[in-house]
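Fold the following and give me the result.
(chains A and B)
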Amino acid sequence: MVNFKEDEQLNTLNHSCAHLMAQAVKHLYPDAKFWVGPVVDTGFYYDMDLGGKALNEEDIAAIEKEMKKVAKTGVKIYRREISKDEALEMFKDDPYKMDLISNMEDGTITCYDQGDFTDLCRGPHVDNVKLCRNFKLIKHSGAYWKGDAENQVLERVYGVCFPTAEELEEHLKLLEEAKERDHRKIGKEMGLFMVDDLIGRGLPMFLPNGYTIWQELEDYIKGKERKLGYQHVMTPCVGTVDLYKTSGHWDHYKENMFPAMEVEGESFVLRPMNCPHHMRIFANKPHSYKDLPIRIAEIAHDFRFESSGTLKGIERGRHFCQNDSHIFVSPDQIKDEVKSVCDLIFSTYEDFGITDYRCVLSLRDPADTKKYHQDDEMWDTAEQALRETLNEIGIEYTEEIGEAAFYGPKLDVNVKPAIGNEITLSTCQLDFCLPAKFELTYIDSDGEKKTPVVLHRAILGSLDRFMAYILEETKGNLPTWLAPTQVKVLPVKTDDESLMAYCDKLITALEDADVRVAFDTRSEKLGYKMREAQMQKVPYMVVLGAKEAEEGVISFRLHGEQKTTTVGFDEFVDMIVTEIKTKKR
RNA sequence: GCCAAUGUGGCUCAGGGGUAGAGCAAUUCCCUCGUAAAGAAUUGGUCGCGGGUUCGAUUCCCGCCAUUGGCUCCA
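Residues are numbered from 1 along each chain as shown, chains lettered A, B, ... in the order given. The predicted model follows:
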């Protein structure tokens, strides 16, 4: 999909189209005030104050109509340079523009005139409104001024613009197709999970097919972790409020936790994360420096009271399972262990064929004293240690201020799903803070008690979110090892006893090899059964008739490919078993 | 939580002030068939929930709940 921001021509065109939209809005709502109208990856938007008027579908259609009308006039767009004082005078009735201008550096300010409309803008722009005629307003919503929920809500309208009508058409088609990849749609079609009002919003339930995938993911990552010396534990989904007061999570996140339950004079909460539980496991017995690193891992159930507006199938719910681990190391082990975690992340991505990801070194914002644990020295040490390690490993990353956890900096690995915003899949966080709060110690080689450093890390992130991502990436055509049903056997005739016996022989052979196989014995037409198997996204669709039974061969189609392949019986079984075992295609 | 839209049988959707309709699915019958839907019959819904207006509400109004698209947030 195109990136409007990075393509220079599209960027200019869309920026100009944002102005065209503002002009049309001004015609329809003369009192409209305008905040900013930037180009983003997916097109453009403009944030506008319409005096409390909330736009609906009809209003959007009317704005589009007015835009077409203005575009048709072919009015020219002129660039004009003015001084800051002139700008302040020109926009003195518009508090939003005044806010923008007053925050600009002194010197020349540019603005653009098009007919009866003038807007402050750095530019560049196309030179005529008619060039913006191939546009579409995509969606609209409320958006807080300056992105702050404390501020008033502005009307934001998103759109896209292309040089030609054909390109616009093509783009809109792609947007439609992206909806087909939505994991919620795929999940419903494949019977993977459900959400139910009576259970509660944001609390998806995995159905047999979905749980099969879930278990495969769990086995996969646990297997990898075991080889790397991780020790798996199981801990309860509740903890006392005091536990979270000790960790500091209570102060930072109590609003986003399910409220406390009072039982026999004690307060408990559903746990939102597992760090405190794992800290207490470390504290369960004394440790020598010789024991480190200690890698406590768990596929852990967590509950967070996410805002209702953010819930999204299994990508973001109020219950999820983290592929979590806390690694207790001595300071001199940090680099090796971070490197080991990174290796694990990237080897996992390789197994899943994930190539399109972005690494972020998330740092604290020193000005945000409310969010972050206050200890400058600790932060400097942690951030520098993580940065150095990443540089040493040679990972490409961008640094982002204000994205750190309250207790420490982190490496986040983000991906872009088919629908919606970038999500974090994997994370590796460096924490000098919680071990001290929990007064964790180990005995060092000099006989002194020292405080360990903790790496918080998740590879698949949450299994739920990872599954959502994989479903969207593969459109539900999962690799064989993950597929709920791996092989479906379709007999051409169901009343042919020797054929049915041949099918049974194959099914037994596959079941003995732990392959998940289904047998469609209904007396339906072959085409009908194939269509159904296809829609269920079964990787191997085996068609057996008298011909195959006589020759002792297997005919199959792979993941809906048009071509049919025929191989020997044993060869087929070996092929599947090998594929599943290597977890690769 | 905020702004907007939506909510009709298991699924996808049409309809609309006089107590509902299609296709698919399901069930039964029939069919035994060679690479994406044979045919027939039957079953299935107090139109998200609660109020109000009305002789009468699934349809109009209000409130709530849920879903969807964004905004904010994501330890």
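
Pull out the buried residues from stretch A:420-439.
A:423-438 (16 or more other C-beta atoms under 10 Å). Every residue, glycine included, has its C-beta placed from N, CA and C.

Off-centre distance for it?
17 Å (C-alpha atoms, centre = their mean, to the nearest Å).

picking up where we left off before, can you flag which of the buried residues of stretch A:420-439 belong to helices?
A:434-437 (DSSP state H).

Which pair of the buried residues of stretch A:420-439 spans the longest distance?
A:423 and A:436 (31.1 Å; C-beta to C-beta).

about what we covered before: between the ones in helices among the buried residues of stretch A:420-439, which sits nearest RNA strand B?
residue A:434 (9.0 Å; C-beta to the nearest atom of the strand).

Find the nearest non-adjacent residue to the closest one, please.
Distances taken as C-beta to C-beta, 6 or more residues apart in numbering put residue A:407 closest to residue A:434, at 5.4 Å, once the chain neighbours are dropped.

What is the burial count for that neighbour?
Neighbour count for residue A:407, taken as other C-beta atoms under 10 Å: 28.

With the one 10 residues further on instead?
Residue A:417 has 21 neighbouring residues, counting by other C-beta under 10 Å.

Now do the same contact list for it.
A:183, A:315, A:423, A:468-469, A:472 (C-beta atoms under 8 Å, 6 or more residues apart in numbering).

Surely residue A:454 forms part of a strand?
Yes - according to DSSP: H, G, I helix; E, B strand; the rest coil, residue A:454 belongs to a strand.

Which residues of the stretch 1-150 of chain A lie near RNA strand B?
Contact residues (C-beta under 7 Å from any atom of the strand) of the stretch 1-150 of chain A with RNA strand B: A:54-57, A:139-144, A:147-149.

if you set the cut-off to 10 Å instead, what comes out?
Residues of the stretch 1-150 of chain A lying near RNA strand B by C-beta under 10 Å from any atom of the strand: A:40, A:42, A:45, A:47, A:52-60, A:138-150.

Restricted to buried residues, select those in ChimeraX.
This is how ChimeraX selects the buried members of these, with burial counted by 16+ other C-beta under 10 Å:
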select /A:42,45,47,55,59,60,138,140,143,145
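
Setting aside sequence neighbours, what's the nearest residue to residue A:241?
residue A:267 is the one closest to residue A:241 (C-beta to C-beta, 6+ apart), at 4.0 Å.

For residue A:443, give me the backbone phi and psi.
Dihedral angles of residue A:443 (phi, psi; degrees, to the nearest 10) stand at phi -90, psi 120.

who's it bridged to?
residue A:288, residue A:449 (DSSP bridges).

For RNA strand B, see how far away it is.
Here the criterion is C-beta to the nearest atom of the strand, to the nearest Å. By it, residue A:443 lies 28 Å from RNA strand B.

Count the residues that sit near that residue.
15.

again, but for the one 4 residues further on
When neighbours are counted by other C-beta under 10 Å, residue A:447 registers 6.

Tell me the confidence at it?
In this model, residue A:447 is scored at 96, pLDDT.

Ramachandran angles for it?
phi 80, psi 0.

for residue A:157, same thing?
Per-residue torsions, residue A:157: phi -120, psi 130 (degrees, to the nearest 10).

Leaving out chain neighbours, which residue sits closest to it?
residue A:140 (4.5 Å).

Check residue A:549 too.
Closest to residue A:549 by C-beta to C-beta, 6+ apart is residue A:502, at 4.0 Å.

Give me the subset of the buried residues of stretch A:420-439 that also touch RNA strand B.
Applying C-beta under 10 Å from any atom of the strand to the buried residues of stretch A:420-439, those adjacent to RNA strand B are A:423-424, A:427, A:429, A:431, A:434.

Among the residues you listed, which lie within strands?
With strands taken from DSSP state E, the overlap with those comprises A:423-424, A:427, A:429, A:431.

Any idea what the residue of the stretch 101-250 of chain A found nearest RNA strand B is bridged to?
Closest contact between the stretch 101-250 of chain A and RNA strand B, by C-beta to the nearest atom of the strand, is at residue A:142 (2.6 Å). Note on residue A:142: beta-bridge partners by DSSP bridges are residue A:155.

Surely it touches residue A:153?
Yes - counting by C-beta atoms under 8 Å, residue A:142 does reach residue A:153; the two are 4.2 Å apart.

from the chain's centre, how far out does the strand or helix carrying residue A:557 sit?
Residue A:557 belongs to strand A:553-558 when assigned by DSSP states H and E. Mean C-alpha position of strand A:553-558 versus that of the full chain (C-alpha atoms, centre = their mean) differs by 36 Å.

and that strand, what does it pack onto?
Packed against strand A:553-558 by the contact rule (3 or more C-beta pairs under 8 Å, 6 or more residues apart in numbering; DSSP states H and E) you find strand A:540-544, strand A:565-568, helix A:569-582.

okay, now residue A:38: neighbour count?
13.

quick one: contacts for it?
For residue A:38, the contact set (C-beta under 8 Å, 6+ apart) comprises A:15, A:18, A:44-45.

Likewise for residue A:81?
Contacts of residue A:81 by C-beta under 8 Å, 6+ apart are A:108-110.

The stretch 251-400 of chain A against RNA strand B: which residues are in contact?
Residues of the stretch 251-400 of chain A lying close to RNA strand B by C-beta under 10 Å from any atom of the strand are A:252-258, A:269, A:271-276, A:302-318, A:322, A:324, A:362, A:368, A:371.
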